[in-house]
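Q: Let me see the structure of the following:
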Amino acid sequence: MAELKDVKGIGPKSLSLLNKIGINTIEDLVTHYPFRYDVLKRDNLAEIEDGEKIIIDGKVESVPILMRFKAGLNKMNFRLVTASGVVGVSIFNRAFLKSKLLVGTDVIVIGKLDKSKNVITANDLKMGTLTNSVKIEPVYHCTSGLTSKNMSTYINMALLMYGRDVMDYIPDEYRDRYNFVNKKTALNIIHNPSTAEKLKEVTIRLKYEELFQFMFKINYLKIQNKKEKNGLVRNIDRDKLDKFIGKIPFELTNDQKLAIDEIITDLEAPSRMNRLLQGDVGSGKTVVAFTAMYANYLCGYQSALMAPTEILATQHYLNLEKFLKGSRVKVALLTGSTSKKEKNEIYKGLMTGTINMVIGTHALIQDEVIYNNLGLVITDEQHRFGVHQRANLKNKGIKPDVLYMSATPIPRTYALTIFGDMDVSTIKERPKGRQKIDTFVKKNSEITDVLKMMYEELKKKHQIYVIAPLIEESENSDLTTVNELKDQMKLAFKDKYKIDIVHGKMASGAKDLIMEQFKNNEVQILISTTVVEVGVDVPNATTMVIFDADRFGLSTLHQLRGRVGRGTSKSQCILISDSDAERLKIMEREDDGFVIAEEDFKLRGHGDLFGTKQSGDMTFKIASIKNDYKILLQAKKDSKEYLLNKDSDSDEIKNLLINSITNG
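A: Down below sits the predicted model:
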């Protein structure tokens, strides 16, 4: 296919500007869809009230008169003959249009009507007429130096010159089934809609295509993974595994037992495991992961568990050692702060196979780490790692099975796409003894009541988390907010209790030290940003106070709330906000993370469910997971049907896959 620079009118400067906003190919250009449309409907002069907005078209009747003022201001006046009468037009700072406004020129004027003077003060002028009384005009995302009109011109020229070459990802049978127009026609209509009906029709068609393309890749990967008998051969000794489970000092929930069965079945299957283990805060995913690691050990293979922070990795390591007490299993902890001498010993143990299990951070994927026979890879809080980091660990073994864990409940709608190529195990049951956390929504004017609630817990020797609001785009503002809260807490509680802060800009070692002090009750009030969302268990922490709670998504609030209630004492979460009370009331009513995630999804969509956008996340140009779920389900069903009815190794499938990956 031709290149972007081959499109008539696109010179070096405009090419650079297009590249700046991610348009690098002709396909990128013609699928740069309008983000909205201006619907221009012709008004009648007689029906518009004084001072109202008016959109009207007509012919220029008089030569425009240009008046220049100081400070570079100018004003242009002319008369316009319309279907409902003659009207004067005034427009500021459009001197460059004077040469185009010849007598007899068709013009669309948008502005406000001064009925007494019979003059429209225009804020916009467009050449042309309103066909059938209505004009639907596309508006594009652009950048400085590139206007929406420029974009429209480039897109239409590209469609004129190369529209036939644009890849259509909908197979003929589905295009015929749904009576879809061809790709070129659809693109012409969406960029130049004549009616709202036609625009809606092709929008559905283009959304379906995008979702079909995505689900085709997902389903292809899943089918290929199941087809390939390239997994490690295992025959797990169930009796030994049952003895290990029997030593766990609490009874597993039915969901935990089912998740273990699903994982063991995967480990024994001839194809590689690619499974997500998701569960609500405190649902007991880690025990399931430890059981999988022990099953893998029984078959002579090594396991690696990667956590996002040193303190969480250390917590997993200490817990795993407790579970394995009295066994012959050799476990190691490998993090950035591990001494050089210890690291070298661990490297040697992993290479020779004398270390059976290793828990760590990014240190597990360094070049120096070579495994003897890595059979199982587990990534905890998987959404906090980039795609490449997860892949690096996965590729450390010959063909290890892969288990991802997430404490962020994911709505089914989202899981269907982001984890569409994985099998999913879900733990919803709350372990026995886990109490519901009382949640209260308070206004800033009720801060005295909040401080009293905090003081009552402190008197019981309990500890408290205080969360500062997240200020987008400004790390410095974040720090200021945390420090301000520290000053307020010191003022309220004097020097009776130790108060400290943690935030995202601190070095990991400093953060871990303060978290360790909090865990040991050397700090009673910990003021933080959302860095504590995933962290160590502090059973003595019974209160979570979140300032400006309206700034957070419901899923993030639920994650933060899950930091308390880890012990036997009754716990509480206080959400402070002067706005968005109805949304926050959901937190008072609901403690099921999956229900909350669905509510969050309905309110915010899929874009930021995890609080931060992750590298490798899916992006759609026109479709929306939130708004187009029915189309998504149909695209998923059709793409699966298409793959099942074809030979997945056929040229037809391979060509569609290659084009989808190259251009999608």
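
Q: mind listing the strands in the stretch 201-350 of the chain by residue range?
A: Along the stretch 201-350 of the chain, the segments classed as strands by DSSP state E, counting those that start in this stretch run 274-279, 302-306, 331-334.

Q: Point out where the stretch 151-300 of the chain drops to low pLDDT.
A: The model of the stretch 151-300 of the chain has pLDDT under 70 over residues 225-229.

Q: what are the ranges of the helices in it?
A: In the stretch 151-300 of the chain, helices defined by DSSP state H, counting those that start in this stretch lie at 172-177, 183-191, 196-227, 238-246, 254-268, 285-298, listed in chain order.

Q: still on that earlier bit, closest to residue 492 out of the strands of the stretch 201-350 of the chain?
A: With Cβ to Cβ as the criterion, residue 492 lies closest to strand 274-279 of the strands of the stretch 201-350 of the chain, at 36.5 Å. C-betas here are computed from N, CA, C, even on glycine.

Q: What pairs with that closest one, parallel or antiparallel?
A: Strand 274-279 sits in its sheet next to strand 401-406 (parallel), strand 423-427 (parallel), going by DSSP bridges.

Q: Indicate which one of those is closest to residue 282.
A: When the strands paired with strand 274-279 are ranked by proximity to residue 282, the top entry is strand 423-427, at 10.0 Å, counting by Cβ to Cβ.

Q: Next, the angle from the closest one to helix 285-298.
A: Strand 423-427 and helix 285-298 meet at an angle of 130 degrees, taking axes from the mean of the first three to the mean of the last three Cα atoms, to 10 degrees as the criterion.

Q: which residues touch strand 423-427?
A: The contact list for strand 423-427 (Cβ atoms under 8 Å, 6 or more residues apart in numbering) reads 253, 255-256, 258-259, 262-263, 266, 273-280, 283-285, 288, 415, 594.

Q: Next SSE downstream of it?
A: Stepping forward along the backbone from strand 423-427, the first helix or strand reached (DSSP states H and E) is strand 438-442.

Q: hmm, who's touching that next one?
A: Outside strand 438-442, the residues within contact range by Cβ under 8 Å, 6+ apart are 449-450, 549, 561, 570-577, 581, 584-585, 587-588, 591.

Q: Among those, which are located in strands?
A: Secondary structure assignment (DSSP state E) places 572-576 from those within strands.

Q: Can you give me the distance of residue 189 to residue 183?
A: For residue 189, the distance to residue 183 under the criterion Cβ to Cβ, to the nearest Å works out to 11 Å.

Q: Could you list the low-pLDDT ranges of the stretch 351-500 of the chain?
A: Across the stretch 351-500 of the chain, the stretches falling below the confidence threshold (pLDDT under 70) are 381-398, 408-421, 433, 470-480.

Q: Quick one: the helices in it, in order.
A: Taking DSSP H, counting those that start in this stretch as the criterion, the stretch 351-500 of the chain contains helices spanning 387-394, 412-418, 447-459, 475-493.

Q: same question, the stretch 551-664 of the chain
A: 554-561, 581-589, 593-604, 629-644, 651-663.

Q: what separates the longest one from the chain centre, distance-wise?
A: Its chain's C-alpha centre lies 22 Å from the corresponding centre of helix 629-644 when counted by Cα atoms, centre = their mean, to the nearest Å.

Q: That helix versus helix 196-227: what angle between them?
A: Here helix 629-644 runs at 50 degrees with respect to helix 196-227, directions being taken by the same axes, to 10 degrees.

Q: how close does residue 258 sit to residue 235?
A: Residue 258 is 22 Å from residue 235, by Cβ to Cβ.

Q: Put together a markdown table for the helices of the stretch 551-664 of the chain, with mean pLDDT, distance to residue 516 and mean neighbour count on each row.
A: Putting these into a markdown table (pLDDT from 0 to 100; distance: least, Cβ to Cβ, whole Å; neighbours: other Cβ atoms under 10 Å) gives the following:
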| stretch | mean pLDDT | distance to residue 516 | mean neighbour count |
| --- | --- | --- | --- |
| helix 554-561 | 86 | 20 | 25 |
| helix 581-589 | 89 | 29 | 15 |
| helix 593-604 | 74 | 27 | 20 |
| helix 629-644 | 87 | 44 | 18 |
| helix 651-663 | 59 | 45 | 14 |
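
Q: could you dump those to CSV with distance to residue 242?
A: Supplementary listing: the helices of the stretch 551-664 of the chain in CSV, determined by distance: least, Cβ to Cβ, whole Å:
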stretch, distance to residue 242
helix 554-561, 33
helix 581-589, 40
helix 593-604, 30
helix 629-644, 37
helix 651-663, 43
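
Q: Residue 105: which of those helices is closest?
A: Ranking the helices of the stretch 551-664 of the chain by their distance to residue 105 (criterion: Cβ to Cβ) puts helix 651-663 first, at 41.4 Å.
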